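K.L.:
need a structure here:
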Amino acid sequence: MQLEIRNYYEVLLMEMLSDEGLLDELPQAYLADLCCLTLNQLPVRYIRHLVDTYFFEEEGELDEMRQHIQTALEKSHQFLRTNPST
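P.N.:
Numbers count the residues shown, from 1 in each chain. Purely as a prediction, here's the structure:
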């Protein structure tokens, strides 16, 4: 049996990257590093079904989560720009 458990921050990060067109624009290796660095700065929030989040989310919580992701994403971009892999 395979469980359908996901980190909600990962789902939101991928949505943000898609909305910004970065999933198609950035090289896969850079994108993987960017996602790992970003997610490592964020708490973990596991979900089974995306619809569960809509039922249990408090007002404004989604906006706050997205802001945390954006801040972590900017820090990760900066880190990768100043520390290119060799």
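K.L.:
Out of the helices and strands in the protein, which is least certain?
P.N.:
Counting by mean pLDDT, DSSP states H and E, the weakest-scoring helix or strand in the chain turns out to be helix 50-56, with a mean of 68.
K.L.:
so who does Leu42 touch?
P.N.:
By Cβ atoms under 8 Å, 6 or more residues apart in numbering, Leu42 lies in contact with Tyr9, His68, Ile69, Ala72. In short, each C-beta sits where N, CA and C put it, glycine included.
K.L.:
Return the members of these classed as buried.
P.N.:
Applying a neighbour-count criterion of 16 or more other Cβ atoms under 10 Å, the buried members of these are Tyr9, His68, Ile69, Ala72.
K.L.:
The third one belongs to a helix?
P.N.:
It refers to Ile69. Yes - inclusion of Ile69 in a helix is indicated when DSSP: H, G, I helix; E, B strand; the rest coil is applied.
K.L.:
In this structure it contacts Glu15, no?
P.N.:
No - applying Cβ atoms under 8 Å, one finds Ile69 not in contact with Glu15, separated by 9.4 Å.
K.L.:
What segments of this structure are strands?
P.N.:
Ranges of strands within the chain are 6-7, 46-47, based on DSSP state E.
K.L.:
mean pLDDT for those: which is lowest?
P.N.:
Sorting these by mean pLDDT places strand 46-47 lowest, at a mean of 87.
K.L.:
hmm, who's touching that one?
P.N.:
With contacts defined as Cβ under 8 Å, 6+ apart, strand 46-47 is touched by Ile5, Arg6, Asn7, Tyr8, Val11, Thr53.
K.L.:
so what strands line up beside it?
P.N.:
The sheet places strand 46-47 alongside strand 6-7 (antiparallel), with pairing taken from DSSP bridges.
K.L.:
Buried ones in stretch 26-40, by neighbour count?
P.N.:
Going through stretch 26-40 with 16+ other Cβ under 10 Å, the ones that come out buried are Leu26, Asp33, Leu34, Cys35, Leu37, Thr38, Leu39.
K.L.:
Extract the C-alpha trace of it and format it as PDB.
P.N.:
The C-alpha trace of stretch 26-40 is given here as PDB (Å, rounded to 0.1, in the frame of the first residue of the first chain):
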ATOM      1  CA  LEU A  26      15.400  27.200 -14.900                       C
ATOM      2  CA  PRO A  27      17.800  24.200 -15.500                       C
ATOM      3  CA  GLN A  28      16.600  21.100 -13.600                       C
ATOM      4  CA  ALA A  29      19.700  20.900 -11.400                       C
ATOM      5  CA  TYR A  30      19.400  24.500 -10.300                       C
ATOM      6  CA  LEU A  31      15.700  24.000  -9.700                       C
ATOM      7  CA  ALA A  32      16.300  20.900  -7.600                       C
ATOM      8  CA  ASP A  33      18.900  22.800  -5.500                       C
ATOM      9  CA  LEU A  34      16.600  25.800  -5.200                       C
ATOM     10  CA  CYS A  35      13.700  23.700  -4.000                       C
ATOM     11  CA  CYS A  36      15.800  21.800  -1.500                       C
ATOM     12  CA  LEU A  37      17.300  25.000   0.000                       C
ATOM     13  CA  THR A  38      13.900  26.700   0.100                       C
ATOM     14  CA  LEU A  39      12.100  23.800   1.700                       C
ATOM     15  CA  ASN A  40      14.800  23.300   4.300                       C
END
